[in-house]
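Enquirer: coords please:
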Amino acid sequence: MYELEKENLRRLSDYIAKILRPSLIKTFLTTHFDKEVVERILSAEETSVTAAAQMLLDRMCFLEEEGWFQAFLDTLFASEYTGLHKAIKDWDFGELEELNEHRKLLERIEPSITKLIKPSELLTHMNDCLKPRECEEIKAVDSQKGHIAASEKLVDTLLRSDKSNWFKVLKMALDACSCYQALDLLESNGGSTAAIGCGSDGEADSMTTETMTTVSFEFREETESEDMLMSANNMTVTETPSGFTGEYVRSGERKLREYQKELADAAEGQNTIICAPTGCGKTIVAVAICEQHLKKCPGRAKIVFLATKVDVYEQQYKLFKEHFSITDPSIKITGMCGDMDLSVRLLIESHDIVVMTAQILVNALQSGEVASLDLLTLILLDECHNTTGKHPYNNIMTRYLDTKLSSSTQSLPQIVGLTASVGIGSFKDRTEAENNILQLCANLDTRVIATVTKHLDELRSYVHTPEKDFFEVPERECDPFIRIIKNIMSNIEQLALKTFNIESLSNIQNREHGSQKYEQWIVSVQKSCRVIVMKNSEEERRICRDLCNYTEHLRKYNDALIINEDARTKDSLDFLDGFFEQVRNAGFDETERKLTALYDSQRPQLLRLATEGQQNPKLEELRFILEEEYHNNDQTRTVLFVRTRALADAMKKWIDDTDSLKFLMPGVLIGKGRKSNFTGSGMTPTSKKGVLDSFKSSDQSKILIATSVADEGIDIPQCNLVLMYEYVGNVVKMVQVRGRGRAQGSRCFLISSNKDRIMKERMNMQKEKIVEEAIVELQSRPDLSYKVDRLQRDDKARRDHVSASPEKPKKQGSYRLLCGKCKKFACLSDSLRVVQESHHIALDRSMFERFTTVPHKKPRSFCGFSKNKKMLCGDCKHDWGLIASYLTIQDLPLLKIESYVVQDCVTEEQFYFRKWREVTFAIQEFDMKEITPQTWPLRD
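Expert: Purely as a prediction, here's the structure:
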């Protein structure tokens with residue numbers, strides 16, 4: 001009886017188990033199973049809801065009593081499982097399958113989005129897709145464990161939702177609560193912002209954290225230590241390490257260890273993911289795979305080795321060149337990155353191996369310069385766990401898979417991915433981890449995951465995993481500095497209220513000074529005040545400008561409180577001093593003079609507190625750790641990871657000012673291209689290389705302070721201490737950061753006053769073990785190939801559906817671009833032109849009368865443009881964009897749309913767009929014929 005229903009339940013159990021939560025249909029359990037079975041299922045749910053649901057489904061297949069199946073359907077409906085009820089009743093899971101894409105997106109961005117939302121606010125807008133019990137449970141977690149834990153609970157609940165509208169409801173809730181950063185993550189498919197090979201640069205706020213802007217931790221890579229490879233794979237006989245076997249060879253040539261041979265052999269002739277620990281020499285394995293491939297395809301091999309960052313590209317390119325210059329100088333090797341004005345196709349056709357950054361290949365494929373991937377015979381992807389979302393790796397592999405699944409005649413290159421961890425995405429148990437790994441395999445078109453199994457003892461003799469320890473530090477006690485800053489912020493809020501009812505511009509409530517939520521409130525208010533419309537246009541301009549000033553000052557005070565939380569009060573004061581110096585040097589109107597006077601009146605007292613006030617307990621703990629470590633071993637080499645550029649500079653100043661630590665001579669390694677009151681415009685590749693070389697080769701600098709830019713870019717065999725200062729990410733990030741400690745006896749410490757951060761890192765350690773178990777399970781699964789094939793077909797169907805959907809047409813009409821701060825007229829949309837599909841210029845000579853220019857601190861060239869000046873509003877000095885030359889055309893205004901408000905010339909309605917792709921009106925393509933010597937001067 002019910003054989004058809006049981007068979008369907010077995011066949012569709014994967015879908016059902018990912019949605020059903022047994023405790024929500026407890027009445028069905030207690031009616032049809034004995035007490036022991038019910039307790040076993042509910043107990044399993046505490047560890048894994050999916051496993052408990054699968055256990056329930058397995059037990060249901062043994063039920064024989066009449067009416068059990070209808071009772072199951074009735075209980076589902078009564079428990080508000082309406083989507084699952086309909087799917088099982090009709091045996092049609094099409095609607096639920098359509099939710100998979102949203103689930104995968106939410107899983108990818110979970111580590112970032114959970115830090116940007118507060119569930120207690122969202123829940124009031126999400127009754128349409130959450131059950132009352134689920135809402136109560138999320139609220140309980142919020143009150144007991146805090147909003148991050150509650151955010152994780154909310155995400156987990158949504159991932160198990162069977163409501164077809166949950167994704168839409170979530171976006172509406174985020175918008176209603178002004179959680180624009182979280183909303184942007186959803187709308188931009190995980191918020192990926194991989195570095196484009198060419199493009200105009202935008203300025204960002206000084207407190208933008210490198211760990212929060214991109215979901216990113218998945219967009220980074222980890223590289224093998226060039227120094228380690230030189231010192232271990234390339235030794236003289238007198239330098240023999242214990243455990244090293246094999247024949248020693250000439251300088252520059254890399255000799256494979258046995259475990260490296262094992263990995264290289266596994267990838268022979270087939271698509272493979274090579275997963276091996278940080279520091280084991282995966283790049284040496286890649287070189288060996290290239291040698292095998294060159295022998296297998298003599299005269300016709302075309303190999304591309306891809307890296308995600310310029311720093312890593314340079315390191316790997318140097319290694320490849322050195323190796324093949326000794327072993328086989330006839331092998332032609334070249335490299336390409338950044339703004340090199342070279343033909344990608346020509347380089348590939350005239351060389352055997354090309355090392356390049358991934359975006360270079362993406363650009364060549366998009367432009368048609370490289371027609372298809374069949375030009376290549378082997379592609380190696382360094383840090384292949386990045387092959388997700390909109391990352392350049394996934395862009396390349398999507399083209400690969402589309403070709404494979406739609407053409408049986410076209411030859412495709414072999415794919416080999418290299419990574420230290422495949423623990424991507426969000427997962428709670430081994431089953432979910434396996435599904436994530438399967439998706440990565442599908443993205444890379446591989447059915448083989450190669451790990452070291454035969455020569456583990458040799459691997460362990462070379463790779464040293466640092467010991468992990470945690471230091472939980474109490475937060476600051478009552479601080480007069482904080483009280484004064486908060487009083488200033490309250491005064492500014494009152495001044496703003498006298499200008500306009502700012503409370504009506506955002507519905508974010510219960511915001512606390514010095515918090516991420518307050519930052520979100522500021523962003524929300526600024527977005528709304530830009531499009532305020534009043535009958536008196538001059539009054540509108542004045543109010544808009546004043547509110548921009550008030551909110552920008554509030555933002556800086558909020559940033560100062562955040563700095564004070566992790567660094568010294570002195571560093572927070574330095575940050576504010578830097579900001580007010582910029583204010584005095586800019587427009588400095590009446591409102592800004594009033595706000596500056598408010599700060600100046602309090603500064604003497606703030607300075608006294610910064611000089612004489614209480615110390616930060618976290619810094620005291622860090623000082624104790626460093627003093628102890630260097631007392632025990634004066635040869636200790638430390639990498640200290642911090643969350644922001646501002647904090648990196650503050651920590652350097654603190655060490656330099658601390659008598660017992662100044663001997664450490666700290667170096668700082670941060671990202672590039674974003675303005676900071678502390679660190680200028682970031683670091684160029686040359687300056688970063690100088691800092692690294694000094695740290696590696698000299699005894700002067702004993703500690704390196706780094707942001708996330710160094711997660712995978714630092715390779716220092718001597719490093720034996722890794723300090724994570726309030727610095728926590730996902731499993732992949734944990735593996736990479738910990739892997740900076742290469743020396744034997746290395747240790748890794750997390751220093752934090754945040755219990756949730758410490759708990760998350762402990763969970764990451766458990767998840768790492770789950771990933772290892774998942775890999776072993778998948779390696780023995782006979783159905784791995786079937787599951788990968790199914791995932792690829794499903795992904796292809798979704799892509800085809802998206803590409804078949806018509807794009808929303810752009811509106812025709814004329815619009816005014818107004819200054820986003822003071823509403824001064826800038827230009828008309830009719831004068832706008834788009835160049836190379838991404839750069840927007842204004843062909844309006846009269847615009848020069850409405851702006852002023854200042855020299856650009858770092859002029860550079862990109863995609864035919866040469867930027868040389870910054871363009872500022874003539875009235876309020878708001879940043880409008882750049883002045884650049886393009887080919888032979890001089891002084892073209894290059895606009896940043898986020899700096900403007902767009903006004904419909906007919907309806908007077910105003911709009912604000914953060915990115916050019918959001919613009920709703922049509923923009924004409926640029927045509928060189930529009931430029932004549934009479935309309936625009938030409939370069940000599």
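
Enquirer: For the helix or strand residue 491 falls within, enumerate the helices and strands it packs against.
Expert: In this assignment (DSSP states H and E), residue 491 forms part of helix 480-499. With contacts taken as 3 or more CB pairs under 8 Å, 6 or more residues apart in numbering; DSSP states H and E, helix 480-499 sits against helix 537-566, helix 590-612. Glycine gets a C-beta too; all of them are placed from N, C-alpha and C.

Enquirer: Give the buried residues for the next helix or strand after the longest one.
Expert: Spelled out, it's helix 537-566. Using DSSP H and E, the helix or strand that follows helix 537-566 towards the C-terminus is helix 569-585. Across helix 569-585, burial judged by 16 or more other CB atoms under 10 Å covers 569, 570, 571, 572, 573, 574, 575, 576, 578, 579, 580, 583.

Enquirer: So which of those sits lowest on pLDDT?
Expert: Across the buried residues of helix 569-585, the smallest pLDDT goes to residue 583, namely 88.

Enquirer: Give me the spatial nearest neighbour of it, chain neighbours excluded.
Expert: Sequence neighbours aside, residue 592 is the residue nearest to residue 583 in space, at 5.5 Å (criterion: CB to CB, 6 or more residues apart in numbering).

Enquirer: related to what we said a few turns ago, just the helices and strands packed on helix 480-499: most buried one?
Expert: helix 537-566 (a mean of 21; mean count of other CB atoms under 10 Å).

Enquirer: packing partners for that one?
Expert: Going by 3+ CB pairs under 8 Å, 6+ apart, helix 537-566 lies up against helix 480-499, helix 516-530, helix 569-585, helix 590-612, helix 645-657.

Enquirer: average model confidence for that helix?
Expert: Helix 537-566 comes out at a mean pLDDT of 90.

Enquirer: same thing with stretch 656-668?
Expert: pLDDT averaged over stretch 656-668 gives 90.

Enquirer: Format the CA atom coordinates belonging to it as PDB.
Expert: The C-alpha coordinates for stretch 656-668 follow below in PDB (Å, rounded to 0.1, in the frame of the first residue of the first chain):
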ATOM      1  CA  ASP A 656      56.100  52.900  17.600                       C
ATOM      2  CA  ASP A 657      55.000  54.900  20.700                       C
ATOM      3  CA  THR A 658      55.300  52.000  23.100                       C
ATOM      4  CA  ASP A 659      58.800  51.800  24.600                       C
ATOM      5  CA  SER A 660      58.700  48.100  25.200                       C
ATOM      6  CA  LEU A 661      57.600  47.400  21.600                       C
ATOM      7  CA  LYS A 662      59.200  50.000  19.400                       C
ATOM      8  CA  PHE A 663      62.100  47.700  18.700                       C
ATOM      9  CA  LEU A 664      59.700  45.600  16.500                       C
ATOM     10  CA  MET A 665      59.900  48.300  13.800                       C
ATOM     11  CA  PRO A 666      56.500  47.400  12.300                       C
ATOM     12  CA  GLY A 667      55.700  47.400   8.600                       C
ATOM     13  CA  VAL A 668      52.200  48.000   7.200                       C
END
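
Enquirer: returning to that earlier point: got the angle for the helix holding residue 491 vs helix 569-585?
Expert: If you take axes from the mean of the first three to the mean of the last three CA atoms, to 10 degrees, helix 480-499 sits at 30 degrees to helix 569-585.

Enquirer: residues of helix 480-499 that come out buried?
Expert: 481, 482, 485, 486, 488, 489, 492, 495, 496, 499.

Enquirer: Repeat that for stretch 618-638.
Expert: Within stretch 618-638, the residues scored as buried using 16+ other CB under 10 Å are 618, 619, 621, 622, 623, 625, 626, 629, 630, 636, 637, 638.

Enquirer: and that stretch, C-alpha only, in CSV?
Expert: Taking C-alpha atoms only, stretch 618-638 is exported to CSV below (Å, rounded to 0.1, in the frame of the first residue of the first chain):
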residue,chain,number,x,y,z
LYS,A,618,42.7,44.9,24.1
LEU,A,619,45.9,46.8,23.5
GLU,A,620,47.1,46.0,26.9
GLU,A,621,46.5,42.3,26.2
LEU,A,622,48.2,42.6,22.8
ARG,A,623,51.2,44.3,24.4
PHE,A,624,51.5,41.5,27.0
ILE,A,625,51.4,38.8,24.3
LEU,A,626,54.1,40.5,22.2
GLU,A,627,56.4,41.2,25.2
GLU,A,628,56.1,37.6,26.3
GLU,A,629,56.6,36.1,22.9
TYR,A,630,59.7,38.2,22.1
HIS,A,631,61.1,37.7,25.6
ASN,A,632,60.9,33.9,25.0
ASN,A,633,62.2,34.1,21.4
ASP,A,634,63.8,37.3,20.1
GLN,A,635,63.8,35.8,16.6
THR,A,636,60.0,35.7,16.5
ARG,A,637,58.4,37.0,13.3
THR,A,638,54.8,38.1,13.6
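
Enquirer: which residues touch residue 845?
Expert: 935, 936 (CB atoms under 8 Å, 6 or more residues apart in numbering).

Enquirer: the strands in the stretch 151-300 of the chain, which residues?
Expert: Shown for the stretch 151-300 of the chain, the strands assigned by DSSP state E, counting those that start in this stretch span residues 272-275.

Enquirer: Do a quick rundown of the helices in it.
Expert: 166-176, 180-187, 226-232, 258-266, 282-296 (DSSP state H, counting those that start in this stretch).

Enquirer: Which strands border the longest strand along the chain, and is each parallel or antiparallel?
Expert: Using DSSP state E to define each element, the chain has its longest strand at strand 851-862. Note on strand 851-862: by DSSP bridges, its sheet partners are strand 865-873 (antiparallel).

Enquirer: so how far is whichever helix or strand comes after the partner strand off the chain centroid?
Expert: Following strand 865-873 in sequence order, the next helix or strand is strand 879-886 (DSSP H and E). Strand 879-886 has its C-alpha centroid displaced from the chain centroid by 28 Å (CA atoms, centre = their mean, to the nearest Å).

Enquirer: got a list of contacts for strand 879-886?
Expert: 200, 203, 819, 826, 835, 841, 851, 853, 856, 864-873, 891-896, 899-900, 939.

Enquirer: Out of the buried residues of helix 480-499, which comes closest to residue 94?
Expert: Nearest to residue 94 among the buried residues of helix 480-499, counting by CB to CB, is residue 496 at 51.4 Å.

Enquirer: related to what we said a few turns ago, just the buried members of the contacts of strand 879-886?
Expert: For the contacts of strand 879-886, buried by 16+ other CB under 10 Å: 200, 819, 826, 835, 841, 851, 853, 856, 864-865, 867-873, 891-896, 899-900.

Enquirer: how much space between residue 357 and residue 445?
Expert: 22 Å (CB to CB, to the nearest Å).

Enquirer: Neighbour count: these two, which is higher?
Expert: residue 357 (25 against 20; other CB atoms under 10 Å).

Enquirer: hey, what's that one bridged with?
Expert: With DSSP bridges as the rule, residue 357 is bridged to residue 307.

Enquirer: mind listing what it touches?
Expert: Per CB under 8 Å, 6+ apart, neighbours of residue 357: 195, 197, 306, 307, 308, 309, 310, 313, 336, 337, 338.

Enquirer: 7 Å - rerun?
Expert: 197, 307, 308, 309, 310, 313, 337 (CB atoms under 7 Å, 6 or more residues apart in numbering).

Enquirer: wait, isn't the second one in contact with residue 315?
Expert: Put plainly, it is residue 307. No - using CB atoms under 7 Å, residue 307 is not in contact with residue 315, being 8.3 Å away.

Enquirer: Report the buried residues of the longest strand of the chain.
Expert: In strand 851-862, counting by 16+ other CB under 10 Å, buried: 851, 853, 856, 862.

Enquirer: Return the member of the contacts of residue 357 nearest to residue 63.
Expert: Nearest to residue 63 among those, with distances taken as CB to CB, is residue 308, at 52.3 Å.

Enquirer: For that closest one, grab the count of nearby residues.
Expert: Neighbour tally, residue 308, other CB under 10 Å: 25.

Enquirer: does it really touch residue 383, like I thought?
Expert: Yes - contact criterion CB under 7 Å: residue 308 and residue 383 qualify, at 6.2 Å.
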